[in-house]
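Peer 1: give me a model of this one.
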Amino acid sequence: MDAVTEAMTSSPSPQRPSPLTLPVVLTGVVLVAMSISGTAVALPSMGRELDASGSPLNWVVAGYNLAFAAMTLVAGSTADRVGRRKTFVASAAVFSCGFLVTAVSPSILFTDVARIVSGAGGAGIMAAGGAVLAASYEGTSRNRAFAFMGTMAGVGIAVGPTLSGLLISATGWRGSFVVFTALGTLITAGATRMHESRAATGRADWAGSILFIVALCLLMFALLEAPSLGWTDEVVVAAAISGVIALAVFGAVQRRSAHPVLEPALLTNRGFIGWSLATLTTSVGFLGVLVFLPTYLQAAAHLAPAAAGAAMLLLTAPVLVTPLAAVALVNRGVPARRLVVLALVMVTLGNLSLVTLSPDNTLLGATAPLLAIGIGMGTSFGVTDGQAMALVPAESVGMAAGFLNTLRGAAEAMVIAAFGAALLGFLGSRLGSDERAAAVSAGQLSDTDRHAELAALTWSWRMTQLGIGLLCLLLTLTVMALIRHHGPRHQHA
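Peer 2: The predicted model follows:
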């Protein structure tokens, strides 16, 4: 038995949780997931009203995910030290304030900043929420709680595009952000009734926290701005190099810190890393399609925002049911490793199949690939977190939850940035104009040259999607190697 597994097994039982613990955390997870998936449907409307396209418009989604990725690890470690409930309450309040500001935003710059604030709050909700569940439940109850967490994340992702599309059609894009503000306020109030818990008593690793945030922000800035500024632009190159240096210094600081924000032992646990990479892989294969396909559907198939959101149910609806179905299979003795490998294969094949998409078969051609990706994503939701957390000592559950969600958030932010950068690059090469490429990527096709621009958008989509599919294939092979002989085969949930 691994040392970390022994630490988990020997840890004291958590106190009986408050009746509000599970519903409050799960509702917070739904809101965070909905805010990721639903905003993509609003991008064309936001772009028209705020006169934005290209990189500034992409930051509406990418900025949220960047803040989510950068702050989740820090939020998880902070929750262990200062209190998991306290961190959850503060994060829910920040999340709500960000959505309120977005709803009344007068410009794209204001909107981008507000979305970054919301992303930071969402990071705390997910990390502290996972830590609350891990500290409040144990054994089969803990695995069941995480399965519900995965299911509710699926619910949020599933209803996000559809609900946002309906709200946009009925009240405009600002109305959807008002709804999130109200719900977030209710979650903030409900979270104050949960029991408090904390673990480590040492000082916070401020140096490590700042270095991690700076490194990820610099790398993301370079990736997102490279298409408009140029890959050899001095600012882009300087940001990329500085980000790599900051990341290297962060690693060195963590090895010497008495209370690191990321425990180095987690990174040497092959089983934990393998299960963590599994969740990263499904995020890579899911988010690019989730964010960019609605715009293509509106441009190529002439769908209204509500119809485009409804079409995305092919991708998101399977995530409603497959997490708990996966847990039920594990309970019956199906090895968790076998399930997660099957899930990754489905995500990979689904992404590779989307390279055949065209204006002539938009919905028909997307049906089977979207279902495959959605089923694979949902299966991963139901299996990976519980398997990974079973390999973590009790005093580090917040850190581990933060690490898992950091990987998800980083993958989502990087995929959105890379997908958008690749799409703009391919479009620019076909259209010969960066300005037109930015407009077309946002679904704003001209009346005079619509046919040529749609053909360029389709070709650029195919090339970008091929890259995502190949990346998923590489990550799947890596996960298979890491979890082959590490981590539990199955756990009753």
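
Peer 1: drop to CA atoms for contacts and neighbour counts, all remaining ones
Peer 2: Will do.

Peer 1: quick one: buried residues of the strand or helix carrying residue 120?
Peer 2: Using DSSP states H and E, the element containing residue 120 is helix 108-136. Going by neighbour count (16 or more other CA atoms under 10 Å), the buried part of helix 108-136 is 108-109, 111-136.

Peer 1: wait, residue 346 sits on residue 371?
Peer 2: No: under the criterion of CA atoms under 8 Å, residue 346 is not in contact with residue 371, lying 9.1 Å apart.

Peer 1: all helices of the stretch 51-200 of the chain, in order?
Peer 2: 54-82, 84-103, 108-136, 139-171, 173-191 (DSSP state H, counting those that start in this stretch).

Peer 1: okay if I get the ones you listed as TSV plus distance to residue 263 and mean pLDDT?
Peer 2: What follows is these, written out as TSV (distance: least, CA to CA, whole Å; pLDDT from 0 to 100):
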stretch	distance to residue 263	mean pLDDT
helix 54-82	10	79
helix 84-103	18	91
helix 108-136	16	87
helix 139-171	22	74
helix 173-191	28	87
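
Peer 1: out of the ones you listed, which is closest to residue 325?
Peer 2: Closest approach to residue 325 among the helices of the stretch 51-200 of the chain is made by helix 139-171 (9.5 Å; CA to CA).

Peer 1: chain center to the closest one: distance?
Peer 2: Distance, stretch centre to chain centre, for helix 139-171: 13 Å (CA atoms, centre = their mean, to the nearest Å).

Peer 1: next: stretch 181-193.
Peer 2: With CA atoms, centre = their mean, you get 22 Å for stretch 181-193.

Peer 1: list the buried residues of it.
Peer 2: Buried-residue list, stretch 181-193, by 16+ other CA under 10 Å: 181, 184-188, 190-192.

Peer 1: outside of it, which residues touch it?
Peer 2: The contact list for stretch 181-193, computed with CA atoms under 8 Å, 6 or more residues apart in numbering, reads 18, 20-21, 24-25, 27-28, 31, 85-86, 88-90, 92-93, 95-97, 99-100.

Peer 1: ok and the helix holding residue 120 relative to helix 139-171, angle-wise?
Peer 2: Helix 108-136 and helix 139-171 are oriented at 160 degrees to each other (axes from the mean of the first three to the mean of the last three CA atoms, to 10 degrees).

Peer 1: got the angle for helix 108-136 vs helix 54-82?
Peer 2: Computed by the same axes, to 10 degrees, the angle separating helix 108-136 from helix 54-82 equals 30 degrees.

Peer 1: so how far is helix 108-136 off the chain centroid?
Peer 2: Mean-position distance between helix 108-136 and its chain equals 11 Å (CA atoms, centre = their mean).

Peer 1: just checking, what packs against that helix?
Peer 2: Counting contacts by 3 or more CA pairs under 8 Å, 6 or more residues apart in numbering; DSSP states H and E, helix 108-136 packs against helix 21-50, helix 54-82, helix 84-103, helix 139-171, helix 397-431.

Peer 1: tell me which other helices or strands the fourth one touches.
Peer 2: What it means is helix 139-171. helix 21-50, helix 108-136, helix 173-191, helix 305-311, helix 313-316, helix 318-331, helix 362-389.

Peer 1: and that helix with helix 21-50, angle?
Peer 2: Inter-element angle recorded for helix 139-171 and helix 21-50: 30 degrees (by the same axes, to 10 degrees).

Peer 1: can you give me the buried ones in helix 139-171?
Peer 2: 142-169.

Peer 1: ok, residue 20 touching residue 194?
Peer 2: Yes: Residue 20 lies in contact with residue 194 (CA under 8 Å); the separation is 6.3 Å.

Peer 1: who has more neighbours, these two?
Peer 2: residue 194 (22 against 14; other CA atoms under 10 Å).

Peer 1: now the more buried one. Its backbone dihedrals?
Peer 2: The main-chain torsion angles of residue 194 are listed as degrees, to the nearest 10 and equal phi -80, psi 160.
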